[in-house]
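> Sequence first, then the predicted structure, then my questions.
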Amino acid sequence: MAPSSSSIKSRHVAVIGAGAAGLVAARELRREGHSVVVFERQKQFGIEELIRFETTVVRVSPAAKSDGGEGIGEWRIESTEKEKKIHRYEIYDAVVVCNGHYIEPRLAEIPGISYWPGKKMHSHNYRLPQPFKDQVVVLIGNSSSADDISRDIAGFAKEVHVASWSNPADTYIKQTGHDNMWMHSMNGETILADVIMHCTGYKYDFSFLDTNGSVAVDNGESRAIL
């Protein structure tokens with residue numbers, strides 16, 4: 001049985017990110033009687049009384065308990081507010097990190113890519129297919145973004161080549177329904193391309209979070225050391 005709200009000690013909680021997870025966390029924390037501040041660096045939604053928009057969390061670090069007691073300490077939040085140019089230092093009892101991971105693009109490691117003169121981009125920056133008209137485009141990756149973008153630009157590009165480690169070696173297959181789209185493995189073919197687009201997902205980035213080693217992020221996975 002869940003504890004009654006009257007038995008829960010009220011805490012001052014910072015929620016970082018006003019996406020779906022952050023908003024749900026803020027609502028449930030407030031339901032339990034906690035005071036909540038949501039930090040969000042973009043403009044959104046309609047719960048302005050809780051959210052500090054265009055506010056970037058610079059650093060989150062442990063702070064000693066204000067009452068000098070033992071156990072889990074408090075958290076020091078350093079943030080900057082763009083519009084008012086305000087720099088704040090505040091203390092919270094708890095922190096909920098909900099900023100997602102669709103911010104820091106992950107790029108494929110390709111030997112010699114820094115010397116290649118063509119255009120390099122990540123699917124994060126893709127908007128419209130028209131700029132790829134009459135160009136030869138190589139997409140790296142075989143996830144939903146590569147599939148959607150390749151089909152989107154096929155009507156404009158000269159050629160579209162989708163390369164992925166998940167394809168067997170020496171794969172070179174023309175896609176059904178398209179005269180100018182091929183699936184590749186990551187080796188075995190040479191393409192003279194105008195654009196390389198990385199459809200390779202994102203990194204987990206919690207560079208603002210300083211937990212003295214109690215939380216670590218490694219190879220896209222986070223782990224807590226308790």
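Thanks, I have it.

> which residues are contacting the longest helix anywhere in the chain?
Ranked by residue count and defined by DSSP state H, the top helix of the chain is helix 20-31. Contact with helix 20-31 is made by 5, 13, 15-16, 18, 36, 38, 40, 45, 47, 50, 96, 98-100, as judged by Cβ atoms under 8 Å, 6 or more residues apart in numbering. For every residue, glycine as well, the C-beta is placed using N, CA and C.

> And the contacts of whatever helix or strand comes next after that helix?
Beyond helix 20-31 in the direction of the C-terminus, DSSP states H and E gives the next helix or strand as strand 35-39. Strand 35-39 is contacted from outside by 10-18, 22-23, 26, 29-30, 47, 50-52, 55-57, 77, 79, 90, 92, using Cβ under 8 Å, 6+ apart.

> Neighbouring strands - and their directions - for the helix or strand following strand 35-39?
Using DSSP H and E, the next helix or strand after strand 35-39 towards the C-terminus is strand 51-52. The pairing partners recorded for strand 51-52 under DSSP bridges are strand 35-39 (parallel).

> Report the residue ranges of every domain in the protein.
12-101+204-224, 105-201 (the TED database).

> Let me have the ones you listed in a markdown table, extended by mean pLDDT and mean neighbour count.
Output for the domains of the chain, formatted as a markdown table (pLDDT from 0 to 100; neighbours: other Cβ atoms under 10 Å):
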| stretch | mean pLDDT | mean neighbour count |
| --- | --- | --- |
| domain 12-101+204-224 | 81 | 15 |
| domain 105-201 | 91 | 15 |
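
> Tell me how far Asp152 lies from Ser145.
Note on Asp152: its distance to Ser145, by Cβ to Cβ, to the nearest Å, is 10 Å.

> swap in Ala14?
Distance of Ala14 to Ser145, given as Cβ to Cβ: 32 Å.

> again, but for Glu49
36 Å.

> what about the closest residue to Arg59 other than its chain neighbours, is that helix, strand or coil?
Of all residues not flanking Arg59 in the chain, Glu78 sits nearest, at 4.3 Å (Cβ to Cβ, 6 or more residues apart in numbering). Here Glu78 is strand, with the state taken from DSSP: H, G, I helix; E, B strand; the rest coil.

> residue contacts, Glu78?
So Glu78 contacts 57-61, 87-89 (Cβ under 8 Å, 6+ apart).

> again, only this time at 6 Å
Going by Cβ atoms under 6 Å, 6 or more residues apart in numbering, Glu78 touches 58-59, 89.

> Tabulate the residues you listed (CSV), appending secondary structure and distance to Ala108.
Listed next are these as CSV, based on DSSP: H, G, I helix; E, B strand; the rest coil; distance: Cβ to Cβ, whole Å:
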residue, secondary structure, distance to Ala108
Val58, strand, 30
Arg59, strand, 31
Tyr89, strand, 40
